[in-house]
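In: Sequence and computational prediction follow.
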Amino acid sequence: MSSKFSGALQLTDLDDYIGPSQECIKPTKVEKSQGVRLNKKRPKIKLADDGTYTEINSSSTEPVKTLPKAEVSLSDCLACSGCVTSAETILVQQHSHEELLKVLKENETGKQSYVVISVSPQSRASLASHLAKSSKETAKVINNYFLKIGAMLVLDEGYFRQFSLIESSKEFQDSFNRHKDKLPILTSSCPGWICYAEKTHGNLIVPHLSSVKSPQQIAGSFVKARMSEFKNCSPGSIYHVTVMPCYDKKLEASREDFYNDVYRSKDVDLVLTTSEVLNMMKTSSYSIDELISEDIPNIEANVPEELQEAVLTSENLFNNPGGGSGGYLDFVFRDSAKQLFEIAVKDLQYKVLRNNKDFQEVSLCDENGKTLLNFAFAYGFRSIQNLVQKMKRKNCKYHYVEVMACPSGCLNGGGQIKDSDGTAQSKEALKAHLDKLQAKYEETPSKSVQYGDVKLLDKYKDTDLPKLLHTTFHALQSENTISVGMKW
């Protein structure tokens with residue numbers, strides 16, 4: 001099984017995949033001796049067939065030392081300085097469609113979990129493209145399918161993305177006016193990029209990361225908070241599932257920052273990729289045409305008034321201009337130009353850097369040609385490395401950068417449906433596929449919300465909103481667990 005995480009998480013060429021029957025062993029830290037020991041040969045490690053390993057010294061006066069072995073947890077994998085592919089088995093087990101079906105089965109036999117599904121616009125576009133259906137028809141397919149198998153509510157994650165965009169713009173404008181040392185602001189909605197940044201360039205990158213939660217996690221915060229109030233139950237009784245274009249989102253949902261110790265509840269309990277949902281539909285007894293032809297059941301009794309606008313229906317779809325990664329650069333650039341300089345921007349003129357379509361910049365200039373704002377987007381590991389090098393050399397001239405780990409952005413996420421037989425695609429075929437996805441994504445007219453009109457926000461105090469909309473990131477320091485001279 002090959003890794004489906006983004007390239008930013010695959011930091012080495014090692015085949016680090018661990019099968020379900022194997023035990024992951026963390027290397028034992030070998031302490032360096034104090035002082036210089038002349039003529040002392042370096043120790044060797046011998047790995048036995050049963051998984052134990054011993055330290056062997058050439059000196060006969062010192063006994064063979066059996067080294068302890070330790071199981072590695074998901075937290076260990078996420079905190080190490082290497083890739084995370086060894087956690088893939090754990091993640092697939094924790095975030096699989098079997099887990100959802102298990103919860104739905106338990107609901108039939110007595111235990112009650114209120115299952116809520118949030119679907120990303122990128123996943124909706126991928127399904128629409130693959131099924132050759134319109135966005136509105138695809139919304140009916142998704143909604144009817146999940147309601148038929150036992151979900152109580154299906155939401156459009158694009159609704160919650162509006163909160164992320166507006167908060168991101170407010171955060172940038174505050175930094176631009178009062179905290180220029182925090183510039184550039186780097187988007188944080190891509191968990192592949194965040195995991196790489198925290199582990200590899202923590203102290204350099206983390207202070208510049210936007211504190212605004214991703215749309216997935218904002219949806220998780222509000223779904224758990226509002227639905228538990230509405231149903232008069234613990235947040236742990238709300239089972240929140242998201243459908244996302246990216247396997248990295250499984251990592252994001254697993255972060256301790258998004259776990260409530262009091263209620264023992266995660267903001268997002270389960271993440272399914274687009275391709276996993278398609279496979280579920282293929283193995284079900286419901287045909288696509290049947291799901292389209294049926295009307296969506298009336299579910300007003302299942303949803304509070306404040307969340308009714310977020311319900312996924314064929315007539316109520318959210319979308320934003322600015323590309324298939326959510327439009328962060330586009331939204332923040334336009335809003336900031338208007339709020340900071342009273343300039344209305346019609347069309348953004350991008351400049352491709354070094355013939356790399358995944359690294360482009362856009363500027364706002366005054367009448368004299370002075371640069372007022374300089375934004376960029378960096379997609380894929382190659383572009384991310386170029387951005388990091390600019391920051392290391394203190395040569396980063398940008399005020400804001402939209403960063404995504406996948407080349408071409410979120411529409412090209414590893415969890416999206418691949419319209420091929422699994423073999424390598426030519427550049428032309430891949431481009432045609434992405435163009436098709438982009439067309440489906442843009443098929444939904446742009447629709448946004450304004451904070452002043454959002455009843456959901458009125459339910460919470462100003463002191464509660466930062467917890468619902470913002471998070472923190474951490475510079476993770478790696479340890480040298482094995483000395484360079486160690487032989488295996």
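Out: Done, it's in.
In: tell me the domain ranges of this structure?
Out: With domains defined by automatic domain parsing, the chain comprises 87-161+214-320+449-469, 165-212+321-421.
In: Nearest to residue 430, out of the ones you listed?
Out: Among those, domain 165-212+321-421 comes nearest to residue 430, with 8.2 Å by C-beta to C-beta. C-beta coordinates here come from the backbone N, C-alpha and C atoms, glycine included.
In: Test my guess that residue 412 contacts residue 406.
Out: Yes: contact criterion C-beta atoms under 8 Å: residue 412 and residue 406 qualify, at 5.0 Å.
In: Could I get the buried residue list for whichever helix or strand residue 166 is part of?
Out: Per DSSP states H and E, residue 166 falls inside helix 157-178. Buried positions in helix 157-178, judged by neighbour count with 16 or more other C-beta atoms under 10 Å: 157-173, 175-176.
In: Just the strands from this protein, written as ranges.
Out: 44-47, 53-56, 65-67, 114-119, 153-156, 185-186, 238-244, 259-260, 265-266, 270-273, 351-353, 356-365, 371-379, 400-404 (DSSP state E).
In: Pull out the buried residues from stretch 225-233.
Out: For stretch 225-233, by 16+ other C-beta under 10 Å, it's 225-228, 230.
In: Could you single out the nearest of these to residue 241?
Out: Using C-beta to C-beta, these come closest to residue 241 at residue 227, 12.7 Å.
In: partners of the closest residue to the closest one other than its chain neighbours in the sheet?
Out: Once flanking residues are discounted, residue 227 sits nearest to residue 238: 4.8 Å by C-beta to C-beta, 6 or more residues apart in numbering. Residue 238 has the following beta-bridge partners by DSSP bridges: residue 114.
In: Could I get the pLDDT score of residue 238?
Out: Reported pLDDT at residue 238 in the predicted model: 95.
In: check contacts around it.
Out: Applying C-beta atoms under 8 Å, 6 or more residues apart in numbering, we find residue 238 in contact with 113-114, 116, 223-224, 227-228, 231, 265.
In: same thing but 6 Å
Out: Applying C-beta atoms under 6 Å, 6 or more residues apart in numbering, one finds that residue 238 lies in contact with 114, 224, 227-228.
In: separation between it and residue 335?
Out: For residue 238, the distance to residue 335 (C-beta to C-beta, to the nearest Å) stands at 32 Å.
In: re the thing from before, tell me which of the buried residues of stretch 225-233 fall in helices.
Out: If you go by DSSP state H, the buried residues of stretch 225-233 have 225-228, 230 in helices.
In: Present these as TSV; the columns should include pLDDT and distance to residue 397.
Out: Output for those, formatted as TSV (pLDDT from 0 to 100; distance: C-beta to C-beta, whole Å):
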residue	pLDDT	distance to residue 397
225	92	40
226	92	42
227	93	44
228	93	46
230	93	48
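In: Out of those residues, flag the one nearest to residue 429.
Out: Using C-beta to C-beta, those come closest to residue 429 at residue 227, 42.6 Å.
In: Tell me how far that closest one lies from residue 384.
Out: 36 Å.
In: on that earlier part again, of the contacts of residue 238, which pair is most distant in space?
Out: The widest separation within the contacts of residue 238 (C-beta to C-beta) is 10.3 Å, between 114 and 224.
In: These two - which one has more neighbours?
Out: residue 224 (27 against 19; other C-beta atoms under 10 Å).
In: check contacts around the more buried one.
Out: 235, 238, 267.
In: likewise residue 251?
Out: Residue 251 neighbours (C-beta under 6 Å, 6+ apart): 191, 195.
In: Tell me the confidence at it?
Out: On pLDDT, residue 251 comes in at 86.
In: do residue 429 as well
Out: So, for residue 429, pLDDT stands at 87.
In: same deal with the one 3 residues further on?
Out: We have a pLDDT of 91 for residue 432.
In: Contact partners for it?
Out: Neighbours of residue 432 in contact, by C-beta under 6 Å, 6+ apart: none.
In: which residues does the closest residue to residue 442 other than its chain neighbours form a beta bridge with?
Out: Of all residues beyond its chain neighbours, the one nearest residue 442 is residue 319 (7.6 Å), with distances taken as C-beta to C-beta, 6+ apart. Listed beta-bridge partners, residue 319: residue 447 (assigned using DSSP bridges).
In: Residue 319 touches residue 446, doesn't it?
Out: Yes: between residue 319 and residue 446 there is a contact under C-beta atoms under 6 Å: 5.4 Å.
In: These two - which one has more neighbours?
Out: For residue 319 versus residue 446, neighbours defined as other C-beta under 10 Å are more numerous around residue 319 (21 against 11).
In: Provide a list of residues in contact with that one.
Out: Residue 319 touches 121, 444, 446, counting by C-beta under 6 Å, 6+ apart.
In: Equivalent analysis for residue 218, please.
Out: 160, 163-164.
In: ok, now which ones touch the closest residue to residue 218 other than its chain neighbours?
Out: Nearest residue to residue 218, sequence neighbours excluded (C-beta to C-beta, 6+ apart): residue 160, at 4.7 Å. Contacts were defined as C-beta under 6 Å, 6+ apart; by that measure residue 160 touches 215, 218-219.
In: Export those as JSON lines, with columns for pLDDT and distance to residue 438.
Out: Output for the contacts of residue 160, formatted as JSON lines (pLDDT from 0 to 100; distance: C-beta to C-beta, whole Å):
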{"residue": "215", "pLDDT": "96", "distance to residue 438": "19"}
{"residue": "218", "pLDDT": "96", "distance to residue 438": "24"}
{"residue": "219", "pLDDT": "96", "distance to residue 438": "23"}
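In: Out of those, flag the one nearest to residue 468.
Out: After measuring the contacts of residue 160 against residue 468 - C-beta to C-beta - the closest member comes out as residue 218, at 7.1 Å.
In: how about low-confidence regions in the protein?
Out: 1-53, 56-65, 67-93, 420-424, 451-453, 477-488 (pLDDT under 70).
In: switch the cut-off to 50
Out: Scanning the chain for pLDDT under 50 picks out the ranges 1-2, 11-36, 70-85, 88, 479-488.
In: now the nearest residue to residue 475 once chain neighbours are set aside: how far from residue 194?
Out: With C-beta to C-beta, 6+ apart as the criterion, residue 475 has its nearest non-adjacent residue at 2.6 Å, and that residue is residue 202. When distance is defined by C-beta to C-beta, residue 202 is 11 Å away from residue 194.
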